[in-house]
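K.L.:
Fold the following for me, if possible:
(one chain, ligands or ions: 1)
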Amino acid sequence: MAKRTLTGTTLDTIVSLAKRRGFVFQSSEIYGGLSSVWDYGPVGVELKRNVKDAWWKSMVRERDDVVGIDASILMHPDVWVASGHLDSFTDPLVECQECHRRFRQDQIEGDTCPDCGGAFGEPRQFNLMFKTFMGPVEDSSATVYLRPETAQAMFVNFENVQTSSRKKIPFGIAQIGKSFRNEITPGNFTFRTREFEQMEMEFFCEPGTDDDWHDYWMNFSMDWFKKFGIRGEKLMLRVHDADELPHYSKASADVEYEFPWGWGELETISNRTDFDLKAHAEKSGKDLSYFDDQKKERYVPFVVEPAMGADRSALAFLLDAYDEEGEGKDMRVVLRFHPDIAPFQVAVLPLSKKDTLSPTARRVYDLLLANFNAQYDDTQSIGRRYRRQDEIGTPLCVTVDFDTLDDDSVTIRNRDTMEQVRVPIDNLEAAIREQLNTMRADCQG
Ligand code: ATP
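P.N.:
So this is what the prediction gives:
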């Protein structure tokens, strides 16, 4: 329904809405901010949590062939030797000879500096891993790295997880967590930052079945974004050319979203072959092969990996939900989030702050809190409060008015249709569930 005709918006509009409504703030803003580093506010933290929860639920809790882990950010330095990151996790960097600004060579158009027109020096390879020291002595033997991806923890824990969970191949290990990359040119708000969260899953399968599993996870990924409301026409699956493939990959495809500045990657689904398990087996001296007791043979599993960014996805959900209705001072800004992605599902709004209404409104709020992510707001005029809830994408508002004191009923107002229905408090939970279900169906991309 309404989803199909969303107006869309510019990045600037989203950045200012994000600050005004508490989605995202610049980090350390009172000190002038830290470039390309962002903090999620009270509304944004709920949005990002919902994105992660929706992924975890689809990827881990609703399947019996994927289990989760939560590994440390710091890992043994040899992990990054074996994985190839120490040698080849680099981007080509060029520096302007005039103003000394540095750029990622593959992201600039033309041969001269886009800022001052100066000439570039020779390109060099720049390693993107952040280094730090472990313990009180700052020498090379104490150097450790902040992980640039979460995936390696799944490879080095393969045997621990497989034996403790007693999963048989094919099965996957999933993780959500922070990763760090010293990007040369971060930007576009939370799209490319130096500290970000990833949602990754390594799916271990028998060699020879990997191409089929790659197809399966590509479809799964596209369907996941659509299921939670991203419009299909804003999504595309882009298969990598052979010359784009990283050293570990046999085939890769990106799920891309049409951002206001063009198409950009949300997720990569890669066929990582047996590269990682073999590399770690060789470096660590531990056998990471698997005995298939049905086939009665031993092999090193192949791995298919869907790797998604939580921040990038949250930004895509935010941009994709944006809609404007009407014009001039009657214009209404609405974020038409899927109910499972919306920061809050329901807001309880007493018509007035008067003591006569508050206890009943609080009772309704307490009732809803047990089942929904709910907000209580009694600050400004009811019109302004509806606007605020529309702007943060709350699907339903429950208004408690003076009639409620007599008839023990409240009004539910629907974000998308703006229709209002009166329901007895006794039926409120069921009525909310029903409306949210209808909105879920309407939101499919
Ligand atoms: P890009 O080509 O944009 O640099 P990538 O191909 O290096 O990304 P992957 O290594 O495939 O990215 O990481 C998987 C996902 O992690 C990406 O699809 C993206 O959503 C997220 N991601 C990667 N780098 C960043 C970053 N600097 N900031 C925010 N998210 C990121």
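K.L.:
can you give me the helices for the chain?
P.N.:
11-21, 44-56, 77-82, 85-88, 151-156, 158-165, 210-227, 275-284, 310-321, 358-369, 382-391, 404-407, 428-442 (DSSP state H).
K.L.:
Now tell me what touches the third one from outside.
P.N.:
Going back to what we said before, that points to helix 77-82. 86-87, 89, 129, 143-145, 152, 156, 276, 279-280, 282-284 (C-beta atoms under 8 Å, 6 or more residues apart in numbering). All C-beta atoms are positioned from the backbone trio N, CA, C, and that covers glycine.
K.L.:
same question, the fifth one
P.N.:
Contacts made with helix 151-156 from outside it, assessed by C-beta under 8 Å, 6+ apart, are listed as 69, 71-72, 75, 79-80, 83, 147, 161, 173-175, 200-202, 276-277, 280, 284, 288, 303, 305, 307.
K.L.:
Would you write a PyMOL line that selects the buried entries of those residues?
P.N.:
Restricted to buried positions by 16 or more other C-beta atoms under 10 Å, the PyMOL selection for these reads:
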select buried, resi 69+71+75+79+80+83+147+161+173+174+175+200+201+202+276+277+280+288+303+305+307
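K.L.:
restrict the contacts of helix 151-156 to those near the ligand?
P.N.:
Contacts with the ligand within the contacts of helix 151-156, counted by C-beta under 6 Å from any ligand atom: Ala307.
K.L.:
contacting residues around whichever residue of the stretch 1-150 of the chain sits closest to the ligand?
P.N.:
Relative to the ligand, the nearest point of the stretch 1-150 of the chain is Glu149 (5.8 Å; C-beta to the nearest ligand atom). By C-beta under 8 Å, 6+ apart, Glu149 lies in contact with Ser179, Gln198, Glu200, Ala307.
K.L.:
Quick one: residues in contact with stretch 429-441.
P.N.:
338-340, 345-346, 367-368, 371-372, 395-396, 398, 412, 414-416, 421, 423.
K.L.:
Give me the mean pLDDT for that stretch.
P.N.:
In this model, stretch 429-441 carries a mean pLDDT of 97.
K.L.:
tell me which residues in that stretch are buried?
P.N.:
For stretch 429-441, by 16+ other C-beta under 10 Å, it's Ala431, Ile432, Gln435, Leu436, Thr438, Met439, Arg440.
K.L.:
out of these, which one sits closest to Arg238?
P.N.:
Arg440 (28.2 Å; C-beta to C-beta).
K.L.:
Roughly how far does that closest one sit from Glu324?
P.N.:
Separation of Arg440 from Glu324 (C-beta to C-beta, to the nearest Å): 23 Å.
K.L.:
do the same with Ile412
P.N.:
24 Å.
K.L.:
Ok, Lys178 next?
P.N.:
34 Å.
K.L.:
Could you find the closest non-adjacent residue to Pro339?
P.N.:
Leu436 (4.5 Å; C-beta to C-beta, 6 or more residues apart in numbering).
K.L.:
need the contact list for Asn182.
P.N.:
Counted by C-beta under 8 Å, 6+ apart, Asn182 has contacts Phe126, Asn127, Leu128, Met129, Phe130, Arg194.
K.L.:
Do you know the pLDDT at it?
P.N.:
94.
K.L.:
Let me see the domain layout of the protein.
P.N.:
13-74+148-318, 344-442 (automatic domain parsing).
K.L.:
In CSV, list the ones you listed along with distance to Val137.
P.N.:
CSV is the format used below for the domains of the chain (distance: least, C-beta to C-beta, whole Å):
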stretch, distance to Val137
domain 13-74+148-318, 16
domain 344-442, 47
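K.L.:
Figure out which of these is closest to Gln105.
P.N.:
domain 13-74+148-318 (8.9 Å).
K.L.:
residues near Glu244, how many?
P.N.:
11 (other C-beta atoms under 10 Å).
K.L.:
In this structure it contacts Ala251, no?
P.N.:
No: counting by C-beta atoms under 8 Å, Glu244 sits too far from Ala251 to count as a contact (10.7 Å).
K.L.:
Below-threshold pLDDT in the stretch 251-400 of the chain: ranges please.
P.N.:
The model of the stretch 251-400 of the chain has no residue with pLDDT under 70.
K.L.:
quick one on the thing from earlier: how far away is the residue of the stretch 1-150 of the chain closest to the ligand from Leu47?
P.N.:
Taken as C-beta to C-beta, the span from Glu149 to Leu47 is 23 Å.
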